[in-house]
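*Asks:* Here's my sequence, what's the structure:
(chains A and B)
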Amino acid sequence: MNGTPAVRFEKVTRRFGDVRAVDAVSLAVGSGEFFSMLGPSGSGKTTCLRLIAGFEQPDSGHIEIFGETAEGVPPYRRSVNTVFQDYALFPHMSVGDNVAYGLMVRGMAKADRRRRAHEMLELVKLSGLEDRRPAALSGGQRQRVALARALVVHPKVLLLDEPLGALDLKLREQMQVELKALQREVGITFVYVTHDQGEALSMSDRVAVFNQGRIVQVGTPSEVYERPSSRFVADFVGGANVIDAATARQIGLRPGAYSLRPEKIDVVGADAPPPAAGRRGITGTVAMVLYQGAVRRVQVTAGEVALNATIPAGGPELAPGMAVRAEFADSALHPMADPW
Amino acid sequence: MVATDIPAPRDGMLRRISDALMRRPRLFLFLLLGPPLLWLGIVYVGSLIALLAQSFFSIDEFTGLVKYEFTLKTYGELFRPANLDIIIRSVLMAAAVTLTAALIAFPIAYYAARYARGRWKALFYIAVTLPLWSSYLVRVYAWKLILAKEGILNWFIAKAGLTPVLDLVLSIPVIGGPSLSISYIGTYLVFVYLWLPYMILPTQAALERVPNSLIEASADLGGGPGRTFRSVILPLALPGVIAGSIFTFALTLGDYITPQIVGISTLFLGQAVYTLQGTAGNIPLAAAFSVVPILIIAVYLTVARRLGAFDAL
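*Replies:* Here you go, the predicted model:
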């Protein structure tokens, strides 16, 4: 990361009553970065976003936006803008007036702000809907209006609070592609809050994984996915298998906890030739097979151990109760420093 | 796993009726709305139409009897200087009361809608509706005592050394008088007190429906508190304020007791209607007077709608 970070947190804490919603969080978001905050609900990611926007003030710690202290600065004096989870479009204004609101507030002449609002609506592919009311738009269209309204004032940082949460799957996937393209086009730092690991992995330059008010891991999507630092990250980011110390000893590994991605596991018959060099296997029985189109998810149990494997559809027939061996390469095992 | 020890839902007459109603949603709606609509149609709108009809009759000046012939003569009488005075005085009073009530109600309603939670909210509802628990008449008399020359307010003002200020206010022509309880100021104060709950409650209900995120969005886009209030909060609360103002306006125009107890002897619209239909026996003119508030409110609502006050609904 070069230059001044777009957003910097230094041991920021925000309490609500007895709960530390954000607990001594430090982070730095690079300028122009697509930065995601990923975590389950209540993990503090939205509060972090609201701290950047200025809707919350930290109880302790320090926040900088492009090198400037943000504590005590009201939201309307910050050069960051938010796309709200519920879009928060003004119901009594037309789409055009909604988009032009930030320009109107800044005292821009009517003709100018109309033109800019129009350009921005064009960018989000909504031109021609200026005179509609938000209530007359679909969820996807509202989402784009909210995006245009936030971008029209050229924020230094755009904050997005689960913006795709209310859309259906197909639209969500389409918007992921568009959002990423848009971010490249406008070159603005995006801070993106989501609980959907797929969304975070597919769009972000870096991901911060939140749990219980703390950041448990920060890294590129592949780092977080391939080399989770803890059992929580392994499980939350894509449901990796966790091999605990006892199991590790059982299959002849050095003591410690390891993560193992489901797609790295092969399921072979129990009578297949023993694993080749550099590979290991756990013999057990098939507990469950879930058909998911292109892949099958198979759960193999061996005593206390349960491994989830994702295998291509069309392989050998597998049914619950069958004796099998779950096989994987040693290189697929990622040791975790912190088991939790 | 199929549970066999759980009995089937009980059957009964009421259940069978609701089964039948579920299959005939229109019948259900009719049963729900029928009685109140009949009531509204016959008792409510019917009496309004009867009133309207009366206003197109006139009174025979010699016999004092009502002539049941269509005429606009009675409406013409409204424009006689004495009657026009009553109308203008009442409308000005109603407007002043409405404006003041709106100004006082808004902060209270805003606090209750946006900040008060749990116990504080309950306290708000109790505090706002508490005056309505007691008799209207008693409250007006209580105010007469408060505002009287020997009353507690004067005593308080004297103790605070503000008597000259009060005297100055009371010496203002038209609205002043010998004491607060015998002046338009007194009437106005009592009206504001009486109708304030009717302004607070609808305003609060409207503000309650404004999502917090809209206020945050305005600030987020650079709108300071003043701008957010003007462009987001007020427009969205306006339908509630207008609903409240209809209450305060119509209630002030229709009241014939308060100005009789607190105030001077000149008539307000309600008093005019009261005396005309009672002692004077001039039902047509009383009816014509009663149509005035209806017309004013109809015009008010039309203008409000044109100005976009209901865009947020």
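
*Asks:* Which parts of chain A belong to which domain?
*Replies:* If you go by automatic domain parsing, the domain ranges for chain A are A:7-236, A:245-336.

*Asks:* Determine which of the ones you listed shows the lowest mean per-residue pLDDT.
*Replies:* Across those, domain A:245-336 has the smallest mean pLDDT, namely a mean of 86.

*Asks:* so how far is that one off the chain centroid?
*Replies:* 27 Å (Cα atoms, centre = their mean, to the nearest Å).

*Asks:* got it, and stretch A:31-50?
*Replies:* Worked out by Cα atoms, centre = their mean, stretch A:31-50 lies 8 Å from the chain centre.

*Asks:* again with stretch A:30-44
*Replies:* 6 Å.

*Asks:* ditto for stretch B:60-80
*Replies:* For stretch B:60-80, the distance to the chain centre is 30 Å (Cα atoms, centre = their mean).

*Asks:* Show me the shaky parts of chain B.
*Replies:* B:1-3, B:311-313 (pLDDT under 70).

*Asks:* got the residue ranges for the strands in it?
*Replies:* With strands called from DSSP state E, chain B shows them at B:58-59, B:66-67.

*Asks:* and those strands, which is most packed in?
*Replies:* When these are scored by mean count of other Cβ atoms under 10 Å in any protein chain shown, the highest mean neighbour count falls to strand B:58-59 (a mean of 21). Backbone N, C-alpha and C define where each C-beta goes, glycine included.

*Asks:* related to what we said a few turns ago, which one of the domains of chain A is the most hemmed in?
*Replies:* domain A:7-236 (a mean of 19).

*Asks:* That domain spans what distance, first to last residue?
*Replies:* 25 Å (Cα to Cα, to the nearest Å).

*Asks:* and if you look at stretch A:116-134?
*Replies:* Terminal-residue distance, stretch A:116-134 (Cα to Cα): 19 Å.

*Asks:* Residues of chain B that sit close to chain A?
*Replies:* B:211, B:213-214, B:216-224, B:227, B:231-232, B:235-236, B:308, B:311-312 (Cβ under 8 Å from any Cβ of the partner chain).

*Asks:* Return the list of helices and strands in contact with the helix of greatest length in chain A.
*Replies:* Longest helix in chain A by number of residues (criterion: DSSP state H): helix A:169-186. Helix A:169-186 sits against helix A:139-151, helix A:197-203, with contacts defined as 3 or more Cβ pairs under 8 Å, 6 or more residues apart in numbering or on different chains; DSSP states H and E.

*Asks:* With just CA atoms, put it into PDB.
*Replies:* Taking Å, rounded to 0.1, in the frame of the first residue of the first chain, the C-alpha atoms of helix A:169-186 are listed here in PDB:
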ATOM      1  CA  LEU A 169     -29.500 -14.200  -6.600                       C
ATOM      2  CA  LYS A 170     -29.300 -13.500 -10.400                       C
ATOM      3  CA  LEU A 171     -29.500  -9.800 -10.000                       C
ATOM      4  CA  ARG A 172     -27.000  -9.900  -7.200                       C
ATOM      5  CA  GLU A 173     -24.400 -11.700  -9.300                       C
ATOM      6  CA  GLN A 174     -25.000  -9.300 -12.200                       C
ATOM      7  CA  MET A 175     -24.500  -6.300  -9.800                       C
ATOM      8  CA  GLN A 176     -21.300  -7.800  -8.400                       C
ATOM      9  CA  VAL A 177     -19.800  -7.700 -11.900                       C
ATOM     10  CA  GLU A 178     -21.100  -4.200 -12.500                       C
ATOM     11  CA  LEU A 179     -20.000  -2.800  -9.100                       C
ATOM     12  CA  LYS A 180     -16.500  -4.100  -9.600                       C
ATOM     13  CA  ALA A 181     -16.400  -2.600 -13.100                       C
ATOM     14  CA  LEU A 182     -17.800   0.700 -11.800                       C
ATOM     15  CA  GLN A 183     -15.200   0.900  -9.100                       C
ATOM     16  CA  ARG A 184     -12.400   0.500 -11.700                       C
ATOM     17  CA  GLU A 185     -14.000   3.100 -13.800                       C
ATOM     18  CA  VAL A 186     -14.500   5.800 -11.200                       C
END
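
*Asks:* Okay, angle between that helix and helix A:139-151 too, please.
*Replies:* Taking axes from the mean of the first three to the mean of the last three Cα atoms, to 10 degrees, one finds that helix A:169-186 is oriented at 20 degrees with respect to helix A:139-151.

*Asks:* State the next helix or strand along the chain beyond helix A:169-186.
*Replies:* strand A:189-194 (DSSP states H and E).

*Asks:* what lines up beside that following strand in the sheet?
*Replies:* Sheet pairing of strand A:189-194 (DSSP bridges) gives strand A:34-38 (parallel), strand A:157-161 (parallel).

*Asks:* Just the endpoints, please. Distance across stretch A:56-64?
*Replies:* End-to-end for stretch A:56-64, by Cα to Cα: 14 Å.

*Asks:* And chain B, is that stretch touching that?
*Replies:* No: residues of stretch A:56-64 are not located near chain B by Cβ under 8 Å from any Cβ, the shortest gap being 10.5 Å.
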